[in-house]
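S.K.: coords please:
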Amino acid sequence: MNFNRLPSDITPEEIEATAAALTPQQAQELLYCWELWSRTEQEWPAGDWHTWVIMAGRGFGKTRTGAETVRQVVGRAPNQRIALIGPTAGDCREVMVEGESGLLAVFPPSQRPMYEPSKRRVTFHNGSRAFLYSAEEPERLRGPQHHWAWCDEIAAYTKLKDVWSNLQFGLRLGADPRILATTTPRPMKFLKELVGDAGTVVTRGSTFSNAANLPASQLAYYQRIYGGTRIGRQELEGQLLEESEGALWTRDAIDAARVKTAPELVRVVVAIDPATTAGENSDDTGISVFGIDDAGEGYVLADDTCHLPPAQWAARSVMAFDRWEADRVIGEANNGGDLVELTIRTERRNISYEKVHASRGKVARAEPVAALYEQGKIHHVGSHPALEDEMVNFVPGQLKRSPNRVDALVWGASYLMLKPQRQGRVLSL
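M.R.: A predicted model of the protein is given here:
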């Protein structure tokens, strides 16, 4: 039985009655039985893996999982040599060993390890030992050998590559040496490569996965302040937010101009970048709602991009038109021709619609809009994660698929902010 996955017909009263009937020894055994308290994502993964990466939000239970996994390693065989690596010597001591979820806390009193700070060593009841290493001193890993390693908060290591290579060369004891790496993610090339390695198994999770053990008021605060934001996606949801070198947009530039609400807007358009086919492998249909205020500043109000057949994306576009009280729908006509207008007017015959044509390619159209972002003249109202992910990976010359979300955004921004020449509304960008 696992307390996090109890059958629905077991009541709290029955649990309390069972607990009250336990002897003190049974109660203590229950308290330290990790199999009962752990969640599924905290359990040792099946399969033949070399590195287990737990990449999750703050408060997920990464430290507890790391300490309990070390306890499992120690319990499997005596005389194990384990490397404990933290961002600093203080982190090793205060979090991994002495913390409320650290090694000293997870072992029952009869098996409590002995910690010797001066020797940077933890000795366990069966003769196994763990050695503490600061990631600030990767050279200290050059000589020692280990059966196992727990690396905590690896995205915070200042010398991650050196730490990792020195650890790997010393991980040569026993028949099956392995590594557990726990971290809140950061956009870094090494972490991306580690997660993609064939020998790595990845566990992902959010702060809210551990809601039963965290203050509800604080979780509500996190959701209200950081929900959907870049920092929230990284620090709470545990998402690895990638950003390609050479992209036209950066997360910092988007975040710098982000606003919670839009001012009074003088014009709003719904811009559509249609998919040319409607099959399962077709591109998405980009739908962006874009507005402008009386000072000429632009606002991204919504990204309603979807993967739907024409009648349904048309209905979605008209709904956006009504919801945002838009002035006009604009549709890219280079690929769809009159089909976009016909589809929209089938949904609503008298809607204000204008088709736009591209005289230049995607990158050439996007660059002036990206420049407006650099100038702080375009603001995202709230967060649009999928759109922003596409933007920060929009690299000229490296487009693998049509960036439909970005295309729709560019159409809207260009229409309202770049004052293109009118030739049946040709965007001469």
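S.K.: what about the helices in the stretch 251-400 of the chain?
M.R.: Here the stretch 251-400 of the chain has its helices, by DSSP state H, counting those that start in this stretch, at 251-256, 310-323, 333-336, 339-347, 362-374, 385-391.
S.K.: could you dump the ones you listed to JSON lines with distance to residue 143, mean neighbour count and mean pLDDT?
M.R.: C-beta coordinates here come from the backbone N, C-alpha and C atoms, glycine included. Listed next are those as JSON lines, based on distance: least, Cβ to Cβ, whole Å; neighbours: other Cβ atoms under 10 Å; pLDDT from 0 to 100:
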{"stretch": "helix 251-256", "distance to residue 143": "40", "mean neighbour count": "16", "mean pLDDT": "88"}
{"stretch": "helix 310-323", "distance to residue 143": "62", "mean neighbour count": "19", "mean pLDDT": "95"}
{"stretch": "helix 333-336", "distance to residue 143": "62", "mean neighbour count": "17", "mean pLDDT": "66"}
{"stretch": "helix 339-347", "distance to residue 143": "67", "mean neighbour count": "18", "mean pLDDT": "90"}
{"stretch": "helix 362-374", "distance to residue 143": "49", "mean neighbour count": "18", "mean pLDDT": "89"}
{"stretch": "helix 385-391", "distance to residue 143": "43", "mean neighbour count": "20", "mean pLDDT": "91"}
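S.K.: so which of those helices gets nearest residue 198?
M.R.: helix 385-391 (24.6 Å; Cβ to Cβ).
S.K.: any idea of the angle the helix or strand following the closest one forms with helix 362-374?
M.R.: As assigned by DSSP states H and E, the chain's next helix or strand after helix 385-391 is helix 404-417. Taking axes from the mean of the first three to the mean of the last three Cα atoms, to 10 degrees, helix 404-417 and helix 362-374 form an angle of 60 degrees between their directions.
S.K.: tell me the secondary structure for residue 143?
M.R.: coil (DSSP: H, G, I helix; E, B strand; the rest coil).
S.K.: ok, it to residue 151 distance?
M.R.: 18 Å (Cβ to Cβ, to the nearest Å).
S.K.: of the two, which one has the most company?
M.R.: Using other Cβ atoms under 10 Å as the criterion, residue 143 and residue 151 rank with residue 151 on top: 26 against 9.
S.K.: picking up where we left off before, closest to residue 199 out of the helices of the stretch 251-400 of the chain?
M.R.: helix 385-391 (26.7 Å).
S.K.: re the thing from before, do you know which of the helices of the stretch 251-400 of the chain lies nearest residue 227?
M.R.: Once these are compared by Cβ to Cβ, helix 385-391 is nearest, at 10.7 Å.
S.K.: check which helices and strands that closest one sits against.
M.R.: helix 251-256, strand 298-303, helix 404-417 (3 or more Cβ pairs under 8 Å, 6 or more residues apart in numbering; DSSP states H and E).
S.K.: out of those, which one sits most buried?
M.R.: helix 404-417 (a mean of 26; mean count of other Cβ atoms under 10 Å).
S.K.: next, the angle strand 298-303 makes with that one.
M.R.: 140 degrees.
S.K.: just checking, what packs against helix 404-417?
M.R.: strand 265-273, strand 286-293, strand 298-303, strand 328-332, helix 362-374, helix 385-391, strand 426-427.
S.K.: and the last one, average pLDDT?
M.R.: I take that to be strand 426-427. The average pLDDT within strand 426-427 is 46.
S.K.: could you do the fourth one as well?
M.R.: When pLDDT is averaged along strand 328-332, the result is 91.
S.K.: okay, now the sheet partners of it, with direction.
M.R.: strand 265-273 (parallel), strand 353-358 (parallel) (DSSP bridges).
S.K.: show residues contacting the longest one.
M.R.: It refers to strand 265-273. 285-294, 299, 301, 313, 317, 320-321, 324-332, 340, 344, 404, 407-409, 411-412, 415-416 (Cβ atoms under 8 Å, 6 or more residues apart in numbering).
S.K.: where in this protein is pLDDT low?
M.R.: 1-9, 243, 276-279, 334-337, 359, 399-401, 419-429 (pLDDT under 70).
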